[in-house]
Every structure is written in structure tokens, then in C-alpha cells.
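> Quick one: sequence plus predicted model below, questions after.
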Amino acid sequence: MATLLAEERRARLRDILARDGALRLDLVAEELGVSAMTVRRDLDDLEAEGFARRVRGGAVAPVLPRPFRDRMAIRYASKALIARKALDLVPLDGAVAFDASTTSGVLLEAVSARDLLVATNSIQNAATARRRGGVRSILIGGELDERTDSFVGTVACRSAAALAYTYFFTSAAAITPTGSWEVSLEEAHVKEVLASRAEQTIVLLDSSKLGRSALAHGLDWSRIDVLVTDLEPQDERLAPYRELTDVR
């Protein structure tokens with residue numbers, strides 16, 4: 001019976017990490033009705049299995065490639081808040097680029113334009129853009145990465161470079177004071193090309209990704225013009241980034 005309870009706890013911890021991207025040890029211990037030491041042991045086991053990474057005061061989910069549908073379910077309320085804050089940055093006309101992130105997808109769901117061309121390496125985001133009034137979409141094709149549902153590779157990079165964009169709206173797997181981070185080199189390369197062809201790059205990032213890193217370095221801060229998060233701009237967690245870019 002004790003073993004079954006332990007398995008149930010760890011399953012619950014995995015669910016919380018998958019949903020929120022992070023957890024606080026004290027809050028989870030109270031919620032589960034167990035001691036902090038018990039949760040620490042559970043988190044140690046989950047870290048050994050690759051389901052968690054221990055940090056001070058809790059744990060975060062490992063930064064791994066995920067399909068579009070799975071990513072859309074994670075911290076959706078935060079993505080919706082970011083979209084509301086970023087909506088007035090989307091122009092009524094011209095050409096803009098959106099990456100294959102679900103945060104960009106949530107923003108696209110709210111866009112209404114006059115004659116706006118949206119280029120994206122996500123078939124889901126291209127379809128969302130096409131349904132919006134006054135918006136046309138171009139799918140940046142290439143090799144489909146089935147782990148993330150995004151198009152990457154040489155063809156995608158060449159296609160991304162074929163246009164000039166007023167803005168590039170992108171998210172990231174993680175961000176640190178050294179720049180953004182992505183789950184693959186291929187994903188990072190496409191975003192580098194899009195940023196190089198855009199007048200401004202706007203990063204849409206939920207706060208669970210702050211101070212974390214992933215496999216591949218993405219954009220330097222010299223490439224990032226605006227950082228939009230689900231936090232208030234004066235939040236202390238954004239202090240390292242206010243010196244680097246416009247934080248909203």
C-alpha cells in the first residue's frame with residue numbers, strides 16, 4: 001500500500017510539472033499532506049528518471065521537445081495574458097513572422113488586421129492565421145521535426161530568409177541574461193534567420209522559463225527588442241532583463 005501511495009504521489013508531481021513547468025516544495029507538500037522530506041525524496045527519484053530537475057525550493061520540468069498540442073496545454077492562462085499584452089504590437093498590414101511556439105499561436109488567435117502577411121514555420125499557426133480577418137499566411141516549409149511539429153532545416157532557413165518582416169514574434173524554451181535557448185540547434189537556426197530579416201524581434205515568454213537554459217543557444221540580447229511576459233514589468237524576477245531590453 002505504501003508503494004502504491006508513493007507511485008500516486010510521483011504521478012501527481014509529474015502532472016504538476018507537465019502542467020506548470022515548475023513546483024514549489026513547500027506548497028506541494030502541503031497539498032499532498034506529506035512532509036517536505038517525503039517530497040524531496042520523490043523529486044530525487046523523478047530527477048533520476050529524467051522527469052524533473054531539482055532547483056532551490058522545488059523543481060522544474062526538463063526542457064525537452066514537445067508536440068504542439070502538448071505545449072498548448074501548459075500554462076495556457078499565462079500565454080493568454082502575454083497575448084493580450086502583445087496584441088497592440090501586431091501591425092494591421094505589412095509582413096510579420098511568427099515562430100512555431102504555442103504562445104505565438106495564442107497571440108494569432110486574437111489578431112485582426114487589414115492586409116497582414118504572416119509567415120510561420122508552424123502548420124498550426126499558419127492555419128490559425130489564415131482564419132483571422134485581414135490576414136494571409138505563408139507556411140515556411142522544410143523538414144518537419146515531429147518532436148515539435150515545426151519546420152526546420154536548410155529549406156526552412158532559405159524560405160525564412162526570402163522575405164523582410166516588420167516584426168518577428170517568437171517564444172523560447174528558456175531565457176537567461178546570455179540570451180534565449182531552444183530545444184534543438186535546428187529550431188535555433190530558423191529563429192536566427194527570422195530575427196535577422198526582421199526590423200524588430202519580440203520575445204513572448206511565460207515566467208516559468210526565466211533563468212533556465214536548454215540545449216541550443218538561440219538569440220543574443222542584441223537581437224531582442226522587446227520581452228513580453230506574464231509578470232508586471234517591475235517584478236523583481238525581471239530585474240536582470242530590464243537592463244538588456246524593453247520589458248513589458
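Perfect, I can see it now. Numbering: from 1, shown residues only.

> what does the domain assignment say about the chain?
Using automatic domain parsing, the domains assigned to the chain come out as 2-60, 68-247.

> next structured bit after the lengthiest helix in the chain?
When the chain is parsed with DSSP state H, its longest helix is helix 2-20. On the C-terminal side of helix 2-20, the closest following helix or strand by DSSP states H and E is strand 22-24.

> what's that next one packed up against?
Contacts defined by 3 or more CB pairs under 8 Å, 6 or more residues apart in numbering; DSSP states H and E place strand 22-24 against helix 2-20, strand 58-60. All C-beta spots, glycine's among them, are computed from the backbone N, C-alpha and C.

> Apply 6 Å and report the result again.
The contact analysis (3 or more CB pairs under 6 Å, 6 or more residues apart in numbering; DSSP states H and E) places strand 22-24 against strand 58-60.

> What mean pLDDT does the longest helix of the chain get?
The average pLDDT within helix 2-20 is 78.

> Show me what counts as buried in that helix.
Buried residues in helix 2-20, counted by 16 or more other CB atoms under 10 Å: 9, 10, 13, 14, 16, 17, 20.

> now, which of these sits nearest residue 61?
residue 17 (4.2 Å; CB to CB).

> Just to check, the closest one is in contact with residue 63?
No. Residue 17 is not in contact with residue 63 according to CB atoms under 6 Å; the separation is 11.6 Å.

> those helices in this protein, which residues are they?
Going by DSSP H, the chain shows helices at 2-20, 25-32, 36-48, 68-72, 76-86, 102-110, 123-130, 154-160, 185-196, 239-242.

> List just the one of the ones you listed that sits closest to residue 138.
Residue 138 sits nearest to helix 123-130 of all the helices of the chain, at 7.3 Å, using CB to CB.

> C-alpha coordinates for the closest one, PDB please?
Extracted C-alpha coordinates of helix 123-130, given in PDB (Å, rounded to 0.1, in the frame of the first residue of the first chain):
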ATOM      1  CA  ILE A 123       1.400  24.400 -39.800                       C
ATOM      2  CA  GLN A 124      -0.900  25.000 -36.800                       C
ATOM      3  CA  ASN A 125       0.000  28.700 -36.600                       C
ATOM      4  CA  ALA A 126      -0.400  29.100 -40.300                       C
ATOM      5  CA  ALA A 127      -3.900  27.700 -40.100                       C
ATOM      6  CA  THR A 128      -4.800  29.900 -37.200                       C
ATOM      7  CA  ALA A 129      -3.500  33.000 -39.100                       C
ATOM      8  CA  ARG A 130      -5.500  32.100 -42.200                       C
END
